[in-house]
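this is a predicted model, with the sequence first.
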Amino acid sequence: MPEDALQARGLSKRFVSAGQPVPVLSGVDVSVPAGTSLALLGRSGSGKSTLLNLLCGLERPDTGAIWLAGEPVVSAAIAPQQQARRWAALRRQSLGVVFQEANLMPALTLLDNVRLRASLARRSQADCGRWLEHLGLEGLGDRYPDQVSGGQRQRAALAMVFAMTPSVILADEPTGSLDRQTADEVSDQLFQRQKETGCALVLATHDSELAARCDQRLDLAHLALA
Ligand SMILES: Nc1ncnc2c1ncn2[C@@H]1O[C@H](COP(=O)(O)OP(=O)(O)OP(=O)(O)O)[C@@H](O)[C@H]1O
């Protein structure tokens with residue numbers, strides 16, 4: 001059995017809105033071996049983005065534990081500040097995150113954004129232009145994020161993740177703003193990069209064709225809330 005690149009047990013999360021509790025996740029387990037993929041499914045508001053946020057440390061679960069490559073990152077035994085430090089280091093080096101709002105630095109060109117990501121992860125910058133080309137962005141490396149479309153920004157964010165060669169990729173609707181043909185091309189690149197590097201992939205999607213290509217599917221709409 002391959003080692004779990006990412007594992008979570010008993011994750012629960014509720015928000016408070018206008019003084020009222022909003023339960024979102026209750027006792028969610030996730031187990032993603034290296035080199036495999038998991039699709040998070042469920043209607044809008046079922047908690048897919050919230051779960052991704054927990055799995056990269058941008059939100060803290062109310063209960064539960066998370067391990068990356070067998071190392072605990074979130075557990076009752078680890079102080080919150082220490083957890084935050086671990087998450088920050090992981091997001092810099094081994095956890096590639098592609099969220100709905102592509103996190104590009106507005107003052108840098110697309111190519112420099114990719115180079116920066118590679119350099120923060122201490123990876124070679126040699127292939128940065130090639131990742132942009134693989135994602136259909138040839139000729140756009142010198143443009144700034146506000147000079148390209150939303151779908152092009154999203155693909156540039158994927159190129160940044162490819163350049164860092166992470167051990168886990170977390171992607172929120174990675175093809176959400178793309179037409180069918182471009183979505184299929186980007187999915188091909190994503191799965192190819194995943195197989196090449198042996199990383200684990202967790203993606204949230206409403207796209208049943210994309211979900212069908214993943215090794216596992218978790219439908220959050222069908223999980224009971226406590
Ligand atoms: N900071 C917050 N405060 C209060 N409620 C929140 C907060 N963040 C998310 N929620 C609520 O939690 C629920 C889950 O939201 P989430 O964004 O995880 O859903 P989702 O499945 O990703 O939806 P979509 O498919 O529309 O992106 C929603 O009801 C949302 O309104």
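Structure's in. What do you need? Numbers count the residues shown, from 1 in each chain.

quickly find the element holding the residue positioned nearest the centre of the chain.
Nearest to the mean C-alpha position of the chain, counting by CA atoms, centre = their mean, stands L170 at 1.6 Å. With the criterion set as DSSP states H and E, the secondary-structure element containing L170 is strand 168-172.

could I get the average pLDDT for that strand?
If you average the pLDDT over strand 168-172, you get 96.

same check on stretch 41-61?
The average of the pLDDT scores along stretch 41-61 is 95.

hang on, the earlier thing: just the buried positions in the strand holding L170, please.
Of the residues in strand 168-172, those buried under the neighbour-count criterion (16 or more other CB atoms under 10 Å) are 168-172. In short, each C-beta sits where N, CA and C put it, glycine included.

ditto for stretch 200-214
Judged by neighbour count (16+ other CB under 10 Å), stretch 200-214 contains these buried residues: 200-205, 207, 210-211, 213-214.

can you redo the residues you listed as TSV, where the extra columns are secondary structure?
Compiled in TSV, the buried residues of stretch 200-214 are given as follows (DSSP: H, G, I helix; E, B strand; the rest coil):
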residue	secondary structure
A200	strand
L201	strand
V202	strand
L203	strand
A204	strand
T205	coil
D207	coil
L210	helix
A211	helix
R213	coil
C214	coil
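
and the ligand, which of the residues you listed contact it?
With CB under 6 Å from any ligand atom as the criterion, the subset of the buried residues of stretch 200-214 in contact with the ligand comprises A204.

JSON lines for the buried residues of stretch 200-214, including distance to A183 and pLDDT?
Formatted as JSON lines, the entries for those read as follows, by distance: CB to CB, whole Å; pLDDT from 0 to 100:
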{"residue": "A200", "distance to A183": "21", "pLDDT": "96"}
{"residue": "L201", "distance to A183": "16", "pLDDT": "97"}
{"residue": "V202", "distance to A183": "18", "pLDDT": "98"}
{"residue": "L203", "distance to A183": "12", "pLDDT": "96"}
{"residue": "A204", "distance to A183": "14", "pLDDT": "96"}
{"residue": "T205", "distance to A183": "10", "pLDDT": "94"}
{"residue": "D207", "distance to A183": "7", "pLDDT": "91"}
{"residue": "L210", "distance to A183": "7", "pLDDT": "92"}
{"residue": "A211", "distance to A183": "12", "pLDDT": "94"}
{"residue": "R213", "distance to A183": "11", "pLDDT": "94"}
{"residue": "C214", "distance to A183": "14", "pLDDT": "96"}
